[in-house]
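A.B. asks: My questions concern the predicted model and sequence given below.
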Amino acid sequence: MIKNCLSIVGSCTLWVLFMFNMTISGIGQTTDEWKLEKMPADLEMEYALSALPPHLRDSATVYLLDPTKGYYMARKGTNGFSAFVERTDWSRGEFVPDMYAPEGFDSIGSKTLVPIFFDIAAMRASGKFTGLQVRDSVVKRVKDGRYKAPPRTGVCYMLSPLFRTNPGGGIINMVMPHYMFYAPYMDDADIGGGWVTGGHQPFIINTGDALDKAHSIFNYIGIAAGETEKANIVEDNKELLAKLAAYKSFLKIDLNDSTMHHHS
């Protein structure tokens, strides 16, 4: 009887140890949701540079994404600006395969914020982290001071004719070229702003509830390009839009669809 009981206890112990080991080994990424498809290099470079005003493009540094490693420098610039296509929204704690957000940072943003986005991409590319683990890692590094806000005002340009992201409620295409000015620790109440249709009133772009106001180093004051400027951007980038549509059908846009011009 005692021998049988000890045998049962031993079996239970082995089962507990087995489950514990399985849990530990499964802490990292357990699906392929982290995997991203590599864009054609020429298309990715053109798309990344479309974020910047034309006069800054020729001398900007361009980074491209290797989905198995992270970002790498494809062209070294001389004016301090850098451009890349962001593929991961860390603040939502989930990975999606079809986010495309070209961004062009000035010199101070290139030194302070861009390396953080590259850390995020490298974590995702490793396949060792879930979206939630990436979010938790970023939050921890902000709170322990490893990641810091830009030390001065600056700008991130998002003047591409199209970006695809989740403004709330799911991934959508948006035709809303806009400017983002670094505004860490600020909210709409501080600037008397808030979203209005079209984005032509200043509003705060933040990380949702991922970071509280005291740690909101990624906040920006956003304001959309004017309607004339937007029309010119779309017209000037017709060839790029055609290439994007040919590359992925979900990047094809109907410029008469008003839903693509809204932020929610």
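C.D. replies: Now that the structure is in, tell me what you want to look at.
A.B. asks: pLDDT score for the closest residue in space to Met45 that isn't next to it in sequence?
C.D. replies: Distance criterion C-beta to C-beta, 6 or more residues apart in numbering; nearest residue to Met45, sequence neighbours excluded, is Val62 at 5.3 Å. Bear in mind the C-beta positions are built from the backbone N, C-alpha and C, glycine included. pLDDT recorded at Val62 is 98.
A.B. asks: dump the residue contacts of Val62.
C.D. replies: Residues in contact with Val62 (C-beta atoms under 8 Å, 6 or more residues apart in numbering) are 45, 48-49, 73-75, 77, 82-84.
A.B. asks: Please name the nearest non-neighbouring residue to Leu159.
C.D. replies: What sits nearest to Leu159 in space, not counting adjacent residues and going by C-beta to C-beta, 6+ apart, is Pro177, at 4.3 Å.
A.B. asks: what pLDDT does that neighbour get?
C.D. replies: So Pro177 comes in at 98 (pLDDT).
A.B. asks: do Glu33 as well
C.D. replies: 80.
A.B. asks: unless I'm mixing things up, it is touching Gly131, no?
C.D. replies: Yes. With contact defined as C-beta atoms under 8 Å, Glu33 counts as touching Gly131 (7.5 Å).
A.B. asks: Overlap of the contact sets of these two?
C.D. replies: Joint contacts of Glu33 and Gly131 (C-beta under 8 Å, 6+ apart) are 94-95.
A.B. asks: For the stretch 151-264 of the chain, just list every one of the strands.
C.D. replies: Applying DSSP state E, counting those that start in this stretch to the stretch 151-264 of the chain gives strands spanning 155-158, 163-165, 172-174, 178-182, 203-205, 220-224.
A.B. asks: likewise the stretch 1-150 of the chain?
C.D. replies: Going by DSSP E, counting those that start in this stretch, the stretch 1-150 of the chain shows strands at 61-66, 70-75, 82-86, 101-105.
A.B. asks: Tell me which of those is the most buried.
C.D. replies: Mean neighbour count, computed with mean count of other C-beta atoms under 10 Å, is highest for strand 82-86 among the strands of the stretch 1-150 of the chain, reaching a mean of 26.
A.B. asks: circling back: need the strands of the stretch 1-150 of the chain in JSON lines (columns: distance to Met186).
C.D. replies: Formatted as JSON lines, the strands of the stretch 1-150 of the chain follow (distance: least, C-beta to C-beta, whole Å):
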{"stretch": "strand 61-66", "distance to Met186": "28"}
{"stretch": "strand 70-75", "distance to Met186": "28"}
{"stretch": "strand 82-86", "distance to Met186": "22"}
{"stretch": "strand 101-105", "distance to Met186": "19"}
